[in-house]
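Participant: Structure for the following, please:
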Amino acid sequence: MFETFRSTLVSKSVSPEDHSSSPGRIRRRLSAFRKARRRQRGDRPPPRVAVPSFFTLMNLLCGFLALTQVLEGAFVMSCWLIVLAAFFDLLDGMMARLTDAKSPFGVQLDSLSDIVSFGVAPSFLMYAYAFDSSGPLGMIVAALPALCGSVRLARYNMNAETDDQEGFEGLPIPGQAVAIVALILAAENSEWGAYLALDSLQVLLPIVVVLSGLMVSSIRFDSIPIPTVEYLRVHPKKTTAYALAGLLIVGLQEFGLVVVLALYLSQGIGQAIYQLIDALTTPAPDHLSEQ
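Facilitator: Next up, the predicted model:
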């Protein structure tokens, strides 16, 4: 009897129109649910971002391992891990361009990884290697790569969408880090490296100050070529020069690193000096001189 009474109530409360419209109502709810899910997932990175992000995380892992090796006193291994981090950083940029996977997510993840691998790790390495007995001055000098590198990355992120010029404004933070570790590797592993005396504050201080200052300067430095056929066709000389630089690093290791970084820095600084001299020696236009 109770079942009969309940079925009677249900049949009275649900009209035939409701039965006929329930499939449409379900479809509308499913459609609204899918749209809401798409809106929620709109800020998430597309799956192809995972390709360059993998290399970015390998960069971060190498930076962390470099820090652990400093704690163990293995300075040479720490240096090579920072070099390996720079290699992964190079790969993630190339993969982002090749797969057209640039995104705000990738930019932020890359910056967070870079400040660890090329800011904190070199600063910590230099402090343990040369500045641990130099007091507060040594601490401040050792912190410069991390401090100036943070400013460099923040400025790059702000101008990434608007700066359409080729190259970088300021020395890239991986270049600064590799320059420092290349000198340490040369001092530790080569016969002539002993003459560098990098464990002296008087020697390493000006090097660190100059490299840190270059990061926050407005001097433009060259960018790494994109490994595509089109780029090779447009920039054959530049691509060939960087390929030879890579072979030099592989063949001569720390000595090759020192030579390549010296040439890279000289190219950027030399071009800036040339532009400054040209601006100072070029006469002002007639309409300006008349005023």
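Participant: pLDDT weak spots in the stretch 1-150 of the chain?
Facilitator: 1-24, 37-47 (pLDDT under 70).
Participant: show me where it has helices.
Facilitator: 2-13, 16-40, 50-71, 75-98, 104-114, 121-126, 135-159 (DSSP state H, counting those that start in this stretch).
Participant: Compute the inter-axis angle for the fourth one and helix 50-71.
Facilitator: Think helix 75-98. Helix 75-98 runs at 170 degrees relative to helix 50-71, counting by axes from the mean of the first three to the mean of the last three C-alpha atoms, to 10 degrees.
Participant: what angle separates helix 75-98 from helix 104-114?
Facilitator: 170 degrees.
Participant: ok, back up a step: among the helices of the stretch 1-150 of the chain, show me which one is buried the most.
Facilitator: The highest mean neighbour count among the helices of the stretch 1-150 of the chain, using mean count of other C-beta atoms under 10 Å, belongs to helix 121-126: a mean of 26. For every residue, glycine as well, the C-beta is placed using N, CA and C.
Participant: helices or strands next to that helix in the packing?
Facilitator: helix 50-71, helix 75-98, helix 135-159, helix 173-189 (3 or more C-beta pairs under 8 Å, 6 or more residues apart in numbering; DSSP states H and E).
Participant: Adding distance to residue 243, write those helices out as TSV.
Facilitator: Listed next are the helices and strands packed on helix 121-126 as TSV, based on distance: least, C-beta to C-beta, whole Å:
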stretch	distance to residue 243
helix 50-71	20
helix 75-98	13
helix 135-159	26
helix 173-189	18
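Participant: With respect to residue 239, which of those lies nearest?
Facilitator: Closest approach to residue 239 among the helices and strands packed on helix 121-126 is made by helix 75-98 (12.7 Å; C-beta to C-beta).
Participant: Now do stretch 111-118: distance from first to last residue.
Facilitator: Using C-alpha to C-alpha, to the nearest Å, one end of stretch 111-118 lies 10 Å from the other.
Participant: now it: how far from the chain's centre is it?
Facilitator: Centre-to-centre, stretch 111-118 and its host chain are 7 Å apart (C-alpha atoms, centre = their mean, to the nearest Å).
Participant: Show residues contacting it.
Facilitator: Stretch 111-118 has contacts (C-beta atoms under 8 Å, 6 or more residues apart in numbering) with 56-57, 59-60, 62-64, 66, 82, 85-86, 89, 145-146, 149-150, 153-154, 156-157, 173-174, 176-177.
Participant: if we go to 7 Å?
Facilitator: Contact with stretch 111-118 is made by 56, 59-60, 62-64, 82, 85, 89, 149-150, 153, 157, 173-174, 176-177, as judged by C-beta atoms under 7 Å, 6 or more residues apart in numbering.
Participant: Tabulate the helices of the stretch 1-150 of the chain (CSV), appending distance to residue 281.
Facilitator: As requested, the helices of the stretch 1-150 of the chain are arranged in CSV below (distance: least, C-beta to C-beta, whole Å):
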stretch, distance to residue 281
helix 2-13, 93
helix 16-40, 59
helix 50-71, 43
helix 75-98, 37
helix 104-114, 38
helix 121-126, 38
helix 135-159, 29
